[in-house]
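[1] Below is the sequence, then the predicted model.
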Amino acid sequence: MSAVRSLIFAEVEEGQALSPLVHPVTATTVVLGAIASRDWRPMHHDKDFAINRNGTKDIFINTPTNAAWFQRFVTDWTGPKGRLGKMKFKMKIPVFPGDTMTLSGRVVRKSVDDTGCCWIDLDLAVSVGGKVNTECQARFALPADAGDNPWERHGDRWKP
Amino acid sequence: MTEMASDLPAAVRDLMNKPHYVEQTEFPIEIGYVYSMCAAVQDGNPLYWDPAVARELTGGQITPPAMLSVWFKRHHWAPGAIGDRRPMQLYFDIKDMLGLPEGIVASNEATFGEPVRIGDVLTISQYCRSISELRDARLGRGRYCVMEIETVNQRGEWCGTDTYNFLIYIKGGR
């Protein structure tokens, strides 16, 4: 048994809020994410292009990096047994260098499917200055108890 | 969603629900990009950093599920490559065939299956699942169109599906 602790399903309640994560965004934050996601488009590394061609005020965080921030935010809380099943999101306002972004989230639903897999549905957001920049709905599987492990589910036993 | 508008040209109807542009990743999945992404978002999940934890919980090193779309991005340059290769060519084909030059993503959802493992070789297929009747939207006259990118690994196991709901339209067509 791993010494790494993971949250179990019974420890979570509908309506529960996650502790917010605050992160100051820099140009490095944006460019690191773009390179890691193999996104070579200039609006994620070239400020002149972003301003003059995209009409934005600076380079901005791309979609896969946004997804990675949400994933990290939730698994920081669940621990490594928390397994992402589904993610839907809407980027409304770009996140720029100089912004201080806040990730927040809330458990909206708990459920157990017909295979016994325990699910939590979350509403998540990235906000800057109190305004929501990105909305996200995500579904994670959690262990039913300390001996359970969602990563051991395959084929018909994994229905995200 | 399986809506198919009654007035679609036969060539478009023929494309529906069939795999198109089936292609493999340009390299076996590697850990370097995983470390870079975890560093970018300061993700300390031991599944990605500690091989012993990964072995115990997931049977070996895996990649973060939300990185699924990353593995199909083309190299910025490659010997002999000419022009841009677009990531969702079927979408552009259908826009051209329907004479609807503009398009936006109305929503996007990703569903994740078998984890992607270091060394995997993935294959994607593009599908068009539905095209609505013509309707007037705020941006112009057009159709809603659902496209999917389905990913499987070298064992044929389903790794995930990216579903895009596009509005394809012509400006001022109301």
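    Alright, I've got the coordinates. Numbers count the residues shown, from 1 in each chain, chains lettered A, B, ... in the order given.

[2] Next one: the residue of chain A most remote from its centre from chain B, what distance?
    Ranked by distance from the centre of chain A (CA atoms, centre = their mean), the top residue is residue A:52, with 30.2 Å. Plainly put, residue A:52 is 20 Å away from chain B if you go by CB to the nearest CB, to the nearest Å. Backbone N, C-alpha and C define where each C-beta goes, glycine included.

[3] any idea of the pLDDT on that residue?
    Per-residue confidence (pLDDT) for residue A:52: 90.

[4] Could you verify my assumption that residue B:114 touches residue A:152?
    No: using CB atoms under 8 Å, residue B:114 is not in contact with residue A:152, being 11.8 Å away.

[5] Can you pick out the residue with more neighbours from the two?
    residue B:114 (21 against 14; other CB atoms under 10 Å in any protein chain shown).

[6] does the more buried one count as helix, strand or coil?
    When classified by DSSP: H, G, I helix; E, B strand; the rest coil, residue B:114 comes out as coil.

[7] what number of residues lie near the closest residue to residue B:73 other than its chain neighbours?
    Distances taken as CB to CB, 6 or more residues apart in numbering or on different chains put residue A:38 closest to residue B:73, at 3.6 Å, once the chain neighbours are dropped. For residue A:38, the count of nearby residues is 20 (other CB under 10 Å).

[8] what does residue A:115 give?
    Residues within reach of residue A:115, counting by other CB under 10 Å, total 10.

[9] can you count the residues close to the closest residue in space to it that isn't next to it in sequence?
    Distances taken as CB to CB, 6+ apart place residue A:157 nearest to residue A:115, at 4.8 Å, with adjacent residues excluded. Per other CB under 10 Å, the neighbour tally for residue A:157 reads 12.

[10] now do residue B:163
    Number of residues near residue B:163 (other CB under 10 Å) recorded here: 18.

[11] Skip ahead from the least confident helix or strand in chain B by mean pLDDT and say which helix or strand is next.
    The helix or strand of chain B with the poorest confidence is strand B:102-112; it has a mean of 89 (mean pLDDT, DSSP states H and E). Sequence order places strand B:123-131 as the next helix or strand after strand B:102-112, per DSSP states H and E.

[12] near chain A at all, that following strand?
    No: for strand B:123-131, no contact with chain A is found by CB under 8 Å from any CB of the partner chain; the gap never falls below 14.3 Å.

[13] Pull the residues that contact the helix or strand following that strand.
    With elements assigned by DSSP H and E, the helix or strand that comes after strand B:123-131 is strand B:135-136. By CB atoms under 8 Å, 6 or more residues apart in numbering or on different chains, the residues outside strand B:135-136 that reach it are B:141-144, B:174.

[14] Centre-most residue in chain B?
    The residue lying closest to the centre of chain B (CA atoms, centre = their mean) is residue B:149, at 3.9 Å.

[15] Give me the residue at the spatial middle of chain A.
    Here the mean C-alpha position of chain A is nearest to the C-alpha of residue A:70 (CA atoms, centre = their mean), at a distance of 1.2 Å.

[16] Name the SS class of that one, please.
    On the basis of three-state DSSP, residue A:70 is classed as helix.

[17] contacting residues for it?
    Residue A:70 makes contact with A:87, A:89, A:103, A:124, A:126, A:136, A:138, B:66 under the criterion CB under 8 Å, 6+ apart.

[18] Which residue in the residues you listed has the weakest pLDDT?
    residue A:89 (85).

[19] in the sheet, who's paired with that residue?
    Counting by DSSP bridges, residue A:89 forms beta bridges with residue A:136.

[20] ok, now how distant is it from residue B:148?
    17 Å (CB to CB, to the nearest Å).

[21] again with residue A:86
    Using CB to CB, one obtains 14 Å as the distance from residue A:86 to residue B:148.

[22] same check, this time on residue A:44
    Applying CB to CB to residue A:44 and residue B:148 gives a distance of 25 Å.

[23] Mind jotting down where the helices sit in the chain?
    Using chain A. Applying DSSP state H to chain A gives helices spanning A:27-36, A:47-52, A:63-78.

[24] actually it's chain B I care about, not the one you picked
    Using DSSP H, helices in chain B cover B:10-13, B:31-40, B:46-49, B:51-58, B:89-98.

[25] can I get those in CSV with distance to chain A, mean pLDDT and mean neighbour count?
    Below are the helices of chain B laid out as CSV (distance: least, CB to the nearest CB, whole Å; pLDDT from 0 to 100; neighbours: other CB atoms under 10 Å in any protein chain shown):
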stretch, distance to chain A, mean pLDDT, mean neighbour count
helix B:10-13, 27, 94, 12
helix B:31-40, 4, 96, 18
helix B:46-49, 5, 96, 20
helix B:51-58, 5, 96, 17
helix B:89-98, 16, 93, 17
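
[26] Which stretch among these approaches residue A:62 most closely?
    For the helices of chain B, proximity to residue A:62 was assessed by CB to CB; helix B:31-40 is nearest, at 10.3 Å.

[27] Helix A:27-36 and the closest one, what's the angle between them?
    160 degrees (axes from the mean of the first three to the mean of the last three CA atoms, to 10 degrees).
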